[in-house]
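Trainee: Sequence and computational prediction follow.
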Amino acid sequence: MSDLDKAIALLRACRLIPENQVRELCYKARELLIEEGNVVGVDAPVTICGDIHGQFHDLMELFRVGGDVPDTNYLFMGDFVDRGFYSLESFLLLLCLKVRYPDRITLIRGNHESRQITTVYGFYDECLRKYGSANVWRYCCEVFDYLALGALVSGAATNLEPTSATLADTFVDTDDSQSSTPATDYADIDIEVLNANNEILSRYRRRDRDPLMSSSPVRGGMSGSNGAPRAAGAAGTGATADSGGSASNDGGAVLCVHGGLSPLIDTIDKIRLLDRKQEVPHEGAMCDLLWSDPDEIDGWGLSPRGAGFLFGADIVKCFNHRNDLSLIARAHQLVMEGFKEMFDATIVTVWSAPNYCYRCGNVAAILELAEDGSNAGFARSNGDAGRSRGLPMPMPMPMPGIGPGGLQGQGQGQGQGQGGGGLIPRQMDIGHRMAPGRRYRVFEAAPQDSRGMPAKKPVADYFL
Ligand SMILES: [Mn+2]
């Protein structure tokens with residue numbers, strides 16, 4: 001058994017590896033990450049995960065539910081550390097897996113993978129407490145600086161592939177017109193939600209979906225979860241399906257990023273051009289990608305977080321169209337049901353830390369995208385897959401109520417509508433690609449020894 005495999009075994013048992021091994025691991029990880037572009041190319045099938053936040057036992061539950069590395073190809077969208085009590089064990093295990101199976105696990109950077117944030121929200125203190133000095137924290141922060149800013153998944157199947165899962169007692173089919181649905185007919189089902197026991201909780205059909213379903217409390221399907229996600233987002237309307245074309249191998253790519261979009265970034269190529277190998281800046285494109293949130297607004301808005309921006313459906317639809325994307329997957333926001341689709345399934349939030357901070361009562365989710373069988377054998381180039389086709393579609397850039405030059409010193413003139421004269425009317429529903437089939441696996445917090453957990457300790461600023 002190699003040292004690396006031994007380290008993986010130790011960390012899986014929630015035990016730490018010696019400091020000199022951490023140094024070596026971080027050095028190797030940096031050598032790997034330095035070769036990755038800012039936007040990593042990933043081929044489906046892939047399982048996309050959101051925030052972990054040091055909840056080691058829940059990360060183990062995630063692997064139980066989603067499969068182990070390297071059997072399952074994973075993409076983690078950042079925020080590995082802070083908040084939970086096992087940031088070290090969680091991050092070092094993921095890093096070991098990255099070094100051991102570099103092509104089977106992708107790690108991108110969250111806003112918590114930063115010196116400044118980890119100093120405030122727990123990871124720095126944990127390193128001091130467990131290793132007696134800040135050395136390990138420093139090694140980890142050096143790795144953070146090299147994490148990719150995003151990933152682009154190509155080759156995801158438009159339709160769900162059949163599963164061996166059984167129907168849960170509480171199964172909900174969204175199609176009322178057909179009382180009996182063959183379990184294997186996935187022709188027009190684009191979303192399936194499973195629980196941790198591989199039982200199907202609910203299915204959503206691509207056709208016949210009307211706007212009313214946007215507020216359906218069913219999505220997420222967890223009995224006992226409190227309330228519906230706000231605008232849980234019916235995945236696409238009839239118009240969406242029509243414009244997306246038939247089930248084919250011509251689906252758009254899926255962009256994965258921790259936070260969201262930036263008013264300074266209208267193409268994925270512009271993400272590729274950033275100099276990422278640094279501490280997360282307080283403002284600018286790199287900061288926005290890690291800090292922004294989608295919201296029910298028009299255009300861009302100020303973020304209550306004090307970093308990044310809020311962005312509306314028009315921004316997402318325009319960005320996806322211009323960059324030939326079928327979906328944006330992001331993390332960064334706690335959602336009680338573990339996932340939340342918005343804006344006609346053009347963007348989804350995936351949250352993978354159940355009972356966040358050991359007290360929020362939420363469930364977690366991971367998102368599985370299957371491989372498009374019709375694409376089998378087609379050679380894809382990692383670097384260029386899904387590259388913008390350069391469609392002549394300018395972004396709607398104006399920021400309401402914000403003067404020229406933007407705000408918070410964000411660049412110059414990005415609020416002036418690049419490619420003037422070509423702005424898309426706000427209400428115009430531009431055609432966009434149909435989102436790939438999404439299989440969500442929802443899971444609850446793992447049972448664990450709660451000794452030493454300050455359950456009632458007030459935790460401020462959950463939204464960070
Ligand atoms: Mn975050």
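Mentor: It's in.
Trainee: can you pull the contacts of the residue of the chain found nearest the ion?
Mentor: Nearest residue of the chain to the ion: residue 332, at 3.9 Å (CB to the ion). (Glycine included, C-beta is placed from N, CA and C.) Listed by CB atoms under 8 Å, 6 or more residues apart in numbering, the contact partners of residue 332 are 50-51, 77-79, 110-111, 258-260, 290-291, 293, 349.
Trainee: Could you do residue 353 as well?
Mentor: By CB under 8 Å, 6+ apart, the residues touching residue 353 are 50, 51, 52, 53, 55, 58, 83, 84, 334, 364.
Trainee: how about the nearest residue to residue 115, chain neighbours excluded?
Mentor: residue 141 (5.1 Å; CB to CB, 6 or more residues apart in numbering).
Trainee: Now render the contacts of residue 353 as TSV, adding secondary structure, pLDDT and distance to the ion.
Mentor: Converted to TSV, the contacts of residue 353 look like this (DSSP: H, G, I helix; E, B strand; the rest coil; pLDDT from 0 to 100; distance: CB to the ion, whole Å):
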residue	secondary structure	pLDDT	distance to the ion
50	coil	98	9
51	strand	98	6
52	coil	98	11
53	coil	98	9
55	coil	98	14
58	helix	98	16
83	coil	97	10
84	coil	97	13
334	coil	98	9
364	strand	98	14
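Trainee: thinking again about what came up before, how much space separates the residue of the chain closest to the ion from residue 51?
Mentor: 7 Å (CB to CB, to the nearest Å).
Trainee: Using a markdown table, lay out the contacts of residue 353 together with neighbour count.
Mentor: Converted to a markdown table, those look like this (neighbours: other CB atoms under 10 Å):
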| residue | neighbour count |
| --- | --- |
| 50 | 31 |
| 51 | 28 |
| 52 | 31 |
| 53 | 27 |
| 55 | 28 |
| 58 | 25 |
| 83 | 22 |
| 84 | 26 |
| 334 | 20 |
| 364 | 32 |
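Trainee: export those residues to TSV and tack on distance to residue 124?
Mentor: As requested, these are exported to TSV (distance: CB to CB, whole Å):
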residue	distance to residue 124
50	23
51	18
52	17
53	15
55	18
58	22
83	13
84	14
334	22
364	25
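Trainee: Can you tell me which of those is nearest residue 150?
Mentor: Distance to residue 150 across these (CB to CB) is lowest for residue 50, with 14.0 Å.
Trainee: Can you give me every residue that contacts the nearest residue to that closest one once chain neighbours are set aside?
Mentor: Leaving aside its sequence neighbours, residue 50 sits nearest to residue 331 (CB to CB, 6+ apart; 3.4 Å). Listed by CB under 8 Å, 6+ apart, the contact partners of residue 331 are 49-51, 77-79, 110, 258-259, 349-352.
Trainee: residues in contact with the most centrally placed residue in the chain?
Mentor: Centre of the chain computed as the mean C-alpha position; nearest residue by CA atoms, centre = their mean is residue 330, 3.2 Å away. Contacts were defined as CB under 8 Å, 6+ apart; by that measure residue 330 touches 50, 77, 256, 257, 258, 259, 260, 294, 347, 348, 349, 350.
Trainee: Can you lay out the contacts of residue 331 as CSV showing secondary structure?
Mentor: Compiled in CSV, the contacts of residue 331 are given as follows (DSSP: H, G, I helix; E, B strand; the rest coil):
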residue, secondary structure
49, strand
50, coil
51, strand
77, coil
78, coil
79, coil
110, coil
258, coil
259, coil
349, strand
350, strand
351, strand
352, coil
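Trainee: can you give me the helices for the stretch 51-200 of the chain?
Mentor: Using DSSP state H, counting those that start in this stretch, the helices found in the stretch 51-200 of the chain span residues 56-66, 87-100, 115-121, 123-131, 135-144.
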